[in-house]
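A.B. asks: following is a predicted model, sequence given first.
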There are 4 protein chains.
Amino acid sequence: MGTIGIGMAGHAFMGAVHAHAWRTAPRVFDTRLTPVLAALAGRDGVRTAAAAAKYGFAAAETDWGALVARDDVGLVDVCTPGDTHAAIAIAALEAGKHVLCEKPLANTVEEAEKMAGAARAAAARGVRAMVAFNYRRVPALAHAARLVADGALGEVRHVRANYLQDWLSDPAAPMTWRLRRDRAGSGALGDLGAHLVDAVQFVTGERITRVSAATTTFVHTRPDGNGGRGEVTVDDCALFTARLSGGAVAAFEATRYALGRKNAMRLEINGSRASMAFDFESMNELWWFDGEAPATEAGFRRILVTEPGHPYLAGWWPPGHGLGYDHTFTHEVADLLTAIAEGADPLPGFDEGLRVQRVLHAVEASAADEARWTTVPDDEETAR
Amino acid sequence: MGTIGIGMAGHAFMGAVHAHAWRTAPRVFDTRLTPVLAALAGRDGVRTAAAAAKYGFAAAETDWGALVARDDVGLVDVCTPGDTHAAIAIAALEAGKHVLCEKPLANTVEEAEKMAGAARAAAARGVRAMVAFNYRRVPALAHAARLVADGALGEVRHVRANYLQDWLSDPAAPMTWRLRRDRAGSGALGDLGAHLVDAVQFVTGERITRVSAATTTFVHTRPDGNGGRGEVTVDDCALFTARLSGGAVAAFEATRYALGRKNAMRLEINGSRASMAFDFESMNELWWFDGEAPATEAGFRRILVTEPGHPYLAGWWPPGHGLGYDHTFTHEVADLLTAIAEGADPLPGFDEGLRVQRVLHAVEASAADEARWTTVPDDEETAR
Amino acid sequence: MGTIGIGMAGHAFMGAVHAHAWRTAPRVFDTRLTPVLAALAGRDGVRTAAAAAKYGFAAAETDWGALVARDDVGLVDVCTPGDTHAAIAIAALEAGKHVLCEKPLANTVEEAEKMAGAARAAAARGVRAMVAFNYRRVPALAHAARLVADGALGEVRHVRANYLQDWLSDPAAPMTWRLRRDRAGSGALGDLGAHLVDAVQFVTGERITRVSAATTTFVHTRPDGNGGRGEVTVDDCALFTARLSGGAVAAFEATRYALGRKNAMRLEINGSRASMAFDFESMNELWWFDGEAPATEAGFRRILVTEPGHPYLAGWWPPGHGLGYDHTFTHEVADLLTAIAEGADPLPGFDEGLRVQRVLHAVEASAADEARWTTVPDDEETAR
Amino acid sequence: MGTIGIGMAGHAFMGAVHAHAWRTAPRVFDTRLTPVLAALAGRDGVRTAAAAAKYGFAAAETDWGALVARDDVGLVDVCTPGDTHAAIAIAALEAGKHVLCEKPLANTVEEAEKMAGAARAAAARGVRAMVAFNYRRVPALAHAARLVADGALGEVRHVRANYLQDWLSDPAAPMTWRLRRDRAGSGALGDLGAHLVDAVQFVTGERITRVSAATTTFVHTRPDGNGGRGEVTVDDCALFTARLSGGAVAAFEATRYALGRKNAMRLEINGSRASMAFDFESMNELWWFDGEAPATEAGFRRILVTEPGHPYLAGWWPPGHGLGYDHTFTHEVADLLTAIAEGADPLPGFDEGLRVQRVLHAVEASAADEARWTTVPDDEETAR
């Protein structure tokens, strides 16, 4: 069993949870490859050094180029805002480093295409790339995907996918890079909607083929922290109707103005044989309706997804002793370490990140065109 | 199809809902016997006449004796406080009138024994008596009882039965007859606990054999409405542990001080094959856990008890269009009318009311004896 | 206090629940005007006579023209399929009879305009018309509307309105008039979506100004009961995004294919000060989030809408003793009787029914035009 | 900022989660003292060495005496079955090592008294001892305790405390040391009931003064894994009614036979001003009913206890990104490290562990005496 040096770029919220995951995964799962927290990169030297010490990295860098160049770094974990994803990830892949990149993959389809191309080229050399759609590693959703793949849901007819937060509900909440198109690419759409798009495609095993969309910005300027006001250049919410490749109708909504909903990533799917419902605010529960039970006995079942037989659970605690948000990242890096050790491509790869990017792009195109149905380009190169 | 004249004693809360039930039952169910609201009796002539007009009774009486004596009354419905149950019911039965009597059957075991004796004698003459434990007619509980009887629950191990209200939580809430032992017999015990005792015996099909109990009065005097204070002479809450005839352990609690719980008549039963949970505040839902499902698929199912195949539902609305509190009384009188028309003894009869009374008595005896285990007398004459 | 003769057309599901409401309302509310069940009209003489006897009507007619012409009928209650609404309602209004008409008001905007015109003309003569959007009379939604009108919700930002049923989920479910455009006008859109449109406008006090829509039919033919197959000519589901007059973004979905959802009429509204959520499957609960509470104490509150101070509750049972589906109709006819007695126009009137019809029409137009944003015509004549 | 060497005895379920906590706490909280995983002790050399490697301990021992004697161990973490708690903890304290001891503190009151005595003696020398009632560190319960201490609940009237699991529901489940009185002291009582006793006393700030109890064993022998059967010598469930020092009535139940309940540690408390409810199966939620809100607006509020202002949350993730079971242990060891660094006695100390032990003893005494009320000895030495 070998080790692999982790070089992480970015040390805010995502950096903290990724670091936790790298430390924890080998203590819970048999990952074959043990991560070593080699170096952390950030722009501010003092703060980066403090973060490195706190999170357990051996070294700190103030330049991501230096991070990528380090000999003790075998994997680059990209936790920066979207505008730097492409540059860092491509450089790392070209330097022969495996890459884990936060979502959305990029700020534009063009960037995403370049990244996917770089990942394909790297894969040919045994270098792996993964995009961090961590909700795939919520045990309840992983279990649902398994049931759907087994045919238990039947033909998918309806999807309701909402990702509801409320941290912008107050017009006095300040500007952040997440509200600037040049940094974040888009607003609720890319931040929250991207998770929904990936999760729906993951659980159903189908692709979004076309969309009709509307985006809105409720509050156009916000306090910039320096006594002035900054301009919000992204969407506050995005709603879209979509068709899936199997014929289902899907309703998506991503917003940061759903007062009272803190992290309500909700998925409801109706099939011809069964239905499921999920809300991340109760992340250990999967609700499942078996449509083939007798009518007098049928009902949505609250499955506590904490059994040893559930995905990822064998390594954790006994039934009913639930998991939290960070566990999804621990599962994610464990799967990535295993894929690297086994010489396999991890899922979701950059091609899947690109596919999500194309859906986001189609959403914006439709929203700019009177909500008209807009096709998501199919990509023969894009393999699942 | 004939008719039967209904004579009702009492026109407060219970009178109102019983009258609604008598009017509604023949419009929804095929009862074979159609009730005619013949006469209403109350102590105050003016208020009784107004209530009779409002509820649809053809006549009003200020003396229950006169009510019982009326030729146009074939069934006497006793909706008065407990201290008059025995006198009215026995007189009615002896006069050859069928009787529906509110619960608890009586204020003492002695009264209940006399009433049960009168009911047995009347039954020999084809005259029927029923005690109004309406929670048996909640479709969810009737369905649960059916599942248990079919063996779906297996061996009963645990029962948790709570009946929680909060209308006495405020010490400034005024005196009522329900807080006087001479009128009501007991407090939360007889008012709420009696429902639990009957419901548990009904759903499990077992009997309570012994109890260990505690009763408490939190507030000893209350405003009497005349500027003075009246003495509370009943329990505010009653808790007891019980053993069922099949070996299960049961925890009971009845209280009027559970702030925020309005009518939380809750039942949770764990068997060797399945478990169930119910809360009257969501009365159209039965939660059922099938212990024989694979661990990864098992979970409490929220069965909406509104399907045509569920008890009492065929006459009502389509699935998902729920029922309310009053429907349980409509079911109750429909069953009683059917039993009378078919010459059968309705359930629960006075013998079952007596059995509940014996449990209440044992609870008070145990509470007065340091919570020591107290046996509920078995009664060979008491048939289910 | 006078009486008013009720003449009802149609005796299926809606007829049964309306009859229950007419019988019950004067026993619970002080309606000033007492309804008398005068006559019931249906096409089949034998079945209509049986229904009249069961529901308590004094007479039966096999021709709605005869029903309208009866001297003992003062109000005509239209419970027939949509294709006959206009003819019956207009004839009744012209004959000076008050009208209660089931929803949606009509099968087309043209019919609805004529009906609204007839209602305005009748109102000038003191004859009243109401459309039966009974969900306005769910106490939880009436209470929510009151809170919103009081400003407790602040500015409305998001609406999520779903009406989910599953009775068509099985492709073997048979044809009914509800699946024929000539009888029903539309499918899930008019049957379920109409309720959502009215409820959203009622609770928010705003109007839907434009829509972007998609409709789908999953199953195109169904068994016709005679060994053949009938063609489904309506939508199985309708999804639309809408803008409200105050700037909010609303997502609507109506479907009969949401396996496991029996009558899930769900409304979630996010405002700038508060949020609410409702699901008719738990109709006695209103969930309310107060955004101005301290963050550590804030949360969605489950308000049991069964307090005497809640709309319609004073006449019913004590707190926690919930209501059911039929109570909403009892409230509806009680309000109508009161309006007639007081010489006031009941709400919602035919103008509001017309407004809903215009939204439904815009939905179909958008769905036929690539989901493009479609404006709902404003109508100066249409008063709230 | 210094470091402290952790020596852990036991490496099963509790060992795994404690190790995770020791590794994680200094990465999330400012603990001032950084734990170093020095050595792990277990009986089987091979398995202990493997566990040490997996969990990150530098060394392994097969003798707890050697563990206690190590110079690099500054704190001994006792994760073994109850029969060894007293010996290890007392030896460690006498050797000047701080101690964290799993619950229940001991198998008997006598042992617990000796341990509490040793802890008092050690405290005088600056050596700290803590008992691991981790449920105090569930943010929802810590927040509830704070609200109660602030008077928000008013006078406590009712407590319902259930700890329901189901892993013994199947009679074929095998023997374990947890079912042997000589190893575990008691069954569901000490394992689950001890948590309830501590949590109730923690949240209410009151003491249990007397109990009336029943214990039961449903299944008397179980497969021993060697083809024979072992005798179950502990309780399968324990139910008791208790009085709190402030006059409240409390109902307790601990069982391993509540089919479908996996780790339902549930607490419901009714006060004169407010009520609360909690279920560990949804550990991020605290339900709070404010009894002083207007009746029409009052309801149980689902507070997601994930705000930065909630106990322990500042170090974790944004609102709505919930925590799991292991986080409670991370909080526990963080508090202990802080207490040691600050020279303060951690809570709960061994005196509180002793107090719980006395309640457990009184429960067994009452159960052996016909459920008669049994007083829990007051202890002047026992400080909160």
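C.D. replies: Yes, it's here. Bear in mind that the values here come from a model prediction, so they are computed numbers and not experimental data.
A.B. asks: so the residue in the stretch 51-200 of chain A positioned nearest to chain C: helix, strand or coil?
C.D. replies: Per CB to the nearest CB, residue A:157 is where the stretch 51-200 of chain A lies closest to chain C, at 4.9 Å. The C-beta positions use only the backbone N, C-alpha and C, and glycine is treated the same way. Of the three states, residue A:157 takes strand under DSSP: H, G, I helix; E, B strand; the rest coil.
A.B. asks: pick out the residue in the stretch 151-300 of chain A sitting closest to chain B.
C.D. replies: residue A:299 (3.8 Å).
A.B. asks: for that residue, what are its contacts?
C.D. replies: Residues in contact with residue A:299 (CB atoms under 8 Å, 6 or more residues apart in numbering or on different chains) are A:289, B:286-288, B:301-304, C:260.
A.B. asks: over to residue A:301?
C.D. replies: A:287-290, B:297-302.
A.B. asks: repeat that for residue A:112.
C.D. replies: A:86, A:105-106, A:350, A:353-354, A:357-358.
A.B. asks: most neighbours, which of these?
C.D. replies: residue A:105 (37 neighbours; other CB atoms under 10 Å in any protein chain shown).
A.B. asks: which secondary structure state does that one sit in?
C.D. replies: Secondary structure for residue A:105, judged by three-state DSSP, is coil.
A.B. asks: I figured it was touching residue A:354, is that so?
C.D. replies: Yes - taking CB atoms under 8 Å as the definition, residue A:105 is a contact partner of residue A:354 at 6.4 Å.
A.B. asks: now for these two: what residues contact both?
C.D. replies: Joint contacts of residue A:105 and residue A:354 (CB under 8 Å, 6+ apart) are A:112, A:115-116.
A.B. asks: okay but residue A:174 is in contact with residue A:226, surely?
C.D. replies: No - Residue A:174 sits out of contact with residue A:226 when judged by CB under 8 Å, with a separation of 10.1 Å.
A.B. asks: for residue A:131, which non-adjacent residue is spatially closest?
C.D. replies: residue A:353 (3.7 Å; CB to CB, 6 or more residues apart in numbering or on different chains).
A.B. asks: typo on my end, it should be residue A:12
C.D. replies: In space, and not counting its chain neighbours, residue A:12 is closest to residue A:79: 7.4 Å by CB to CB, 6+ apart.
A.B. asks: which bits of the stretch 1-150 of chain A sit near chain B?
C.D. replies: residue A:143 (CB under 8 Å from any CB of the partner chain).
A.B. asks: pLDDT below threshold where in the stretch 1-150 of chain A?
C.D. replies: Low-confidence segments of the stretch 1-150 of chain A, defined by pLDDT under 70: A:1.
A.B. asks: quick check, residue A:47 in a helix?
C.D. replies: Yes - counting by three-state DSSP, residue A:47 is located in a helix.
A.B. asks: distance check, it against residue A:41.
C.D. replies: For residue A:47, the distance to residue A:41 equals 12 Å [CB to CB, to the nearest Å].
A.B. asks: run a quick neighbour tally on the residue of the stretch 51-200 of chain A closest to chain C.
C.D. replies: 26.
A.B. asks: my guess is it contacts residue C:257. True?
C.D. replies: Yes - here residue A:157 reaches residue C:257: they are 4.9 Å apart, a contact under CB under 8 Å.
A.B. asks: which neighbours do the two have in common?
C.D. replies: Common contact partners of residue A:157 and residue C:257 (CB under 8 Å, 6+ apart): A:270, C:169, C:218.
A.B. asks: CA atoms of stretch A:317-332 as PDB?
C.D. replies: Output of stretch A:317-332 as PDB, limited to C-alpha atoms (Å, rounded to 0.1, in the frame of the first residue of the first chain):
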ATOM      1  CA  TRP A 317     -21.500   3.400  12.700                       C
ATOM      2  CA  PRO A 318     -24.300   1.000  13.600                       C
ATOM      3  CA  PRO A 319     -27.800   1.500  12.100                       C
ATOM      4  CA  GLY A 320     -29.500   4.800  13.100                       C
ATOM      5  CA  HIS A 321     -26.300   6.600  14.000                       C
ATOM      6  CA  GLY A 322     -26.500   9.000  11.100                       C
ATOM      7  CA  LEU A 323     -23.800  10.600   8.900                       C
ATOM      8  CA  GLY A 324     -23.300  14.300   8.100                       C
ATOM      9  CA  TYR A 325     -22.400  16.600   5.300                       C
ATOM     10  CA  ASP A 326     -18.600  15.900   5.500                       C
ATOM     11  CA  HIS A 327     -19.000  12.200   5.100                       C
ATOM     12  CA  THR A 328     -20.000  12.700   1.500                       C
ATOM     13  CA  PHE A 329     -16.600  14.100   0.800                       C
ATOM     14  CA  THR A 330     -14.900  11.300   2.700                       C
ATOM     15  CA  HIS A 331     -16.700   8.900   0.400                       C
ATOM     16  CA  GLU A 332     -15.700  10.900  -2.600                       C
END
